[in-house]
Each structure stands twice: as C-alpha cells, then as structure tokens.
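Sharing a sequence plus its predicted fold:
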Amino acid sequence: MEEPDTVPVTFSYVDPFMRLDEQKRGLGYDRFHELVKKTDIVLPRGPRSRGIFYSSTDAAKIDTVSRKDGSRTYYSDTLTTPAGQLCRESKTEEGVETTWRYSGFVANEEDAEKIRSIPFEPLDVDMSRVNTGQEELGDRGIVATGVADPICNVSELFILRDFAVTATRNKKVIIRLLDFYAERIEDYVRQMSEQTTDVMYRIVGPEYVTPPILSPSLFDEFVVPYDKRLVDIIKENDNVACIHCHGKIGTVLSGMRSINPHVLEPIEPPPLGDVELTEIKRRLGDRTCLMGYIQYRDLSFDKPAEMREKVRSAIEQGGPGGGYILFPTAEPIATITDRLFANQKEFVRSGREFGRYHPG
C-alpha cells in the first residue's frame, strides 16, 4: 500500500447523478445527492440483465403476481423449471428500499433438484452502461458493479431459517447448489471483466457464513474457493476486486486473506462487528484496502460532535500508511432526516479534515 495525499471519503454506492422522482425528493435525497457529488464517488453501474439464474435459457421462467395493501405490496413469484414449479413470497414497504421474504423457492432437497434442472446457456453480457459511467465520472471516483457470489445466490433461494438448517444438517445440498451457480457466475464475471478496466467489482455474500447465521468453520468450504476464483478473474482483467461482508468477520480473516481481494468493506465496528480496525489493518492491510468502519445507524442517530469523533478515530486506526477509505456501512434506505443529513455533512467535513496525511 502507498500513502496518498488524503484518505478518500465516500458514501455507500450512491448514484448522485440519477434523476429523482417526486417521492425521493420528498424524502430528502436531492440534498443528499448534492453532498455525494463533493466526495470521492463510488458510482454504481451494471449490465442490464443477468438472465434467469445467469442463463439465457427458455426452459425456465418466473411469473410474478403483486397485491397492494395500503403502504405494503405483496409479491408471489412462481418459478417454472424443467423439473417442476417452485414458489416464493415477499413484501415491500412504501418509502423503504428493502424486501422482506417470508417463503423461498427452496425448503428441501427436492426443491434444490428442481433448481439444478435449469439449463446453463451462457449470457451475452453488455457492459456499455458501465463504460459510459466511467466516461461520465472521469477522475471524480470509481465505477462499481455488483456481483452476488455463489453462497449469496444459494442463500436467497431459501428463507434464512431454512438456509441455516440445511447448511448445518444437510451440507451436500448447499454444495450441489454452490457448484450449480459457480460455473454460471464465473462465466458472467469473466464476460463482464473482459469488457472493462479499473472498474470495482463488489462481491456480495460471504456474510452468510459468519456468526450468527452460520459457523465460521464452514467459510473455507462455502466461500473461499468460490470467491477466490471470482477475485482471480477480476484481477486478470485489470479490474478491482472488492469483498462486501457485514458483521462479525474476526473469525474469518484468514479466509479473507486466502481470497485476497483488493478491497474489503464495510468493516463494522464492535458491537455489530467483533474486531477492531487496527487488528484488521495488522492482519490484512499489507495487501487489502480497508473501506468502512462508520456505522450507518450512527449517521442516523448520533450528534454531529459524536460523528466527528468516530471519523477521527476511524482514520487514526485505518489511515496510517494508506489503504483506508472512509465509508459508512450502508446506504440510506428511507428518509434523509435533518439529523441524518447533519451527520452526513459532518462525515464529509471531518473526513476531509482528519484525512490529510501531510497537513499544511
């Protein structure tokens, strides 16, 4: 790692150039996006479609029926596969950017075999939106695109309870599904990365094999070999490989070192995390840039003076020698309140102040 002039300051994969609808403006996103433009932007862009299970096959399809009830919308998805149908149900809340799932496509081994019956016909991936984003952004930051790794895709076939029970009691089902996804995702990532240079590929999913969801003893089996292959593909094509992993990562740092990404984020501080930034820096900082350590909840509820102190502490721990980016652990999912916006401004202001390596 080399020490730069300043610690980069950014928010969590926010597109400040997007056109806001009336609802978003009413939730305060216009002023937030203007603030984001003053940071080192990590601009999210991606291909238009990843097909159905990363395949261009016509042998599977998903039909969705939705029902609105007040501020909530309920969804029922029916997946048709060569081996039969599967169903899942979920809901969303108006003004909140998340989805709650209360039944999954897979609950048992028979359901898993229906998923595995879906043929793999490689996609024709178009990365023109990503390359256009690079042209628009210029030297104001980096373009990032998301990749859900095999364990992320497998976990999302289940509701969380069924995933945890299956991974613990019937590991072979998880392994078969991981292998089902691996070939497809590797082809998808290879096609993407061969069309780009200096794009950050954010690999999402390892947190599903950390406490309290699963024992970290499974990390080397469910995550390391699959994500290392993705990281190697991304690096081969002169792009930036980033692992995204919330939660308690202290027990899987050796696995992270084996995966060997360029970047690890969002690095949650205790108590949601289980290891101090200085320790992660000691164990990974010689080869991996650390990005994070400011809890989104603190941005929402702290006083600005408290936020200033947390920024100062994070930079003191992560900044020496370079290889640290000041970054919150999540993006806003609801209203940008006055308190949240005051802390967002303080986050940027104090990040710029304390992040100067050689103040004049």
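Happy to help now that I have it. These numbers come from a predicted model, not from an experiment.

And the helices in the chain?
Listed in chain order, the helices of the chain (DSSP state H) span 22-26, 29-36, 109-116, 128-137, 150-155, 160-169, 171-194, 219-222, 224-236, 253-259, 277-284, 296-301, 304-318, 338-354.

most tightly surrounded among those?
helix 150-155 (a mean of 25; mean count of other CB atoms under 10 Å). Yep, even glycine has a C-beta here, placed from its N, CA and C like the rest.

May I have that one as CSV, with CA atoms only?
Output of helix 150-155 as CSV, limited to C-alpha atoms (Å, rounded to 0.1, in the frame of the first residue of the first chain):
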residue,chain,number,x,y,z
PRO,A,150,-22.5,-18.5,-5.2
ILE,A,151,-23.3,-18.5,-1.4
CYS,A,152,-25.3,-15.3,-1.8
ASN,A,153,-27.4,-16.8,-4.6
VAL,A,154,-27.8,-20.1,-2.7
SER,A,155,-28.9,-18.4,0.5
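
Outline the domain layout of the chain.
22-55+107-354, 58-106 (automatic domain parsing).

Least confident of those, on average?
Mean pLDDT values for those show the minimum at domain 58-106, a mean of 92.

what about it, distance to the chain center?
Averaged C-alpha coordinates place domain 58-106 at 21 Å from its chain's average position (CA atoms, centre = their mean, to the nearest Å).

was I right about I213 contacting R161?
No: between I213 and R161 there is no contact under CB atoms under 8 Å: 10.2 Å.

coming back round to it: I'd like the domains of the chain as CSV, with distance to P16 appended.
Formatted as CSV, the domains of the chain follow (distance: least, CB to CB, whole Å):
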stretch, distance to P16
domain 22-55+107-354, 4
domain 58-106, 16
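
Quick check: chain neighbours aside, which residue is closest to I52?
A60 (5.3 Å; CB to CB, 6 or more residues apart in numbering).

dump the residue contacts of S56.
Contacts for S56 (CB atoms under 8 Å, 6 or more residues apart in numbering) come out as 121-124.

Mind doing that once more with 7 Å?
121-123 (CB atoms under 7 Å, 6 or more residues apart in numbering).

for T197, same thing?
With CB under 7 Å, 6+ apart, T197 has these contacts: 238-239.

can you do 6 Å?
Taking CB atoms under 6 Å, 6 or more residues apart in numbering, we find T197 in contact with D238.

Repeat that for E207.
245-247.

now do R45
129-130, 133, 143, 145.

Columns distance to E331 on top of those, output as CSV?
Below are those laid out as CSV (distance: CB to CB, whole Å):
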residue, distance to E331
R129, 19
V130, 19
G133, 17
V143, 16
T145, 15
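
I'd like to know which of the domains of the chain is closest to D15.
domain 22-55+107-354 (5.6 Å; CB to CB).

The closest one: end-to-end distance?
Domain 22-55+107-354 has an end-to-end distance of 36 Å (criterion: CA to CA, to the nearest Å).

Going forward, count from 536.
Yep, numbering from 536; the last one is domain 557-590+642-889 now.

quick one: it to chain centroid distance?
The answer for domain 557-590+642-889 is 3 Å, by CA atoms, centre = their mean.

if we can go back for a sec, and the contacts of S591, which of them are in strands?
If you go by DSSP state E, these have nothing in strands.

what distance separates the start and the end of stretch 686-704?
End to end - CA to CA - stretch 686-704 spans 16 Å.

Could you count how many residues lie near the nearest residue to P741 once chain neighbours are set aside?
Leaving aside its sequence neighbours, P741 sits nearest to C780 (CB to CB, 6+ apart; 4.4 Å). Applying other CB atoms under 10 Å, we find 25 residues neighbouring C780.

can you pull up the bridge partners for C780?
P801 (DSSP bridges).

got the contact list for S728?
Counted by CB under 6 Å, 6+ apart, S728 has contacts 768-769, 772, 774.

For it, which non-adjacent residue is spatially closest?
Per CB to CB, 6+ apart, closest to S728 is N772, 4.0 Å.

where's the one you found relative to I686, distance?
From N772 over to I686 the distance is 23 Å, taken as CB to CB, to the nearest Å.

again, but for C780
For C780, the distance to I686 - CB to CB - is 11 Å.

Also D722?
18 Å.

Next: E656.
According to CB to CB, E656 stands 23 Å off from I686.

just E771 next, same as before
22 Å.

quick revisit: export the helices of the chain to JSON lines and tack on distance to L825?
Listed next are the helices of the chain as JSON lines, based on distance: least, CB to CB, whole Å:
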{"stretch": "helix 557-561", "distance to L825": "31"}
{"stretch": "helix 564-571", "distance to L825": "21"}
{"stretch": "helix 644-651", "distance to L825": "36"}
{"stretch": "helix 663-672", "distance to L825": "23"}
{"stretch": "helix 685-690", "distance to L825": "21"}
{"stretch": "helix 695-704", "distance to L825": "27"}
{"stretch": "helix 706-729", "distance to L825": "23"}
{"stretch": "helix 754-757", "distance to L825": "19"}
{"stretch": "helix 759-771", "distance to L825": "16"}
{"stretch": "helix 788-794", "distance to L825": "11"}
{"stretch": "helix 812-819", "distance to L825": "6"}
{"stretch": "helix 831-836", "distance to L825": "17"}
{"stretch": "helix 839-853", "distance to L825": "5"}
{"stretch": "helix 873-889", "distance to L825": "15"}
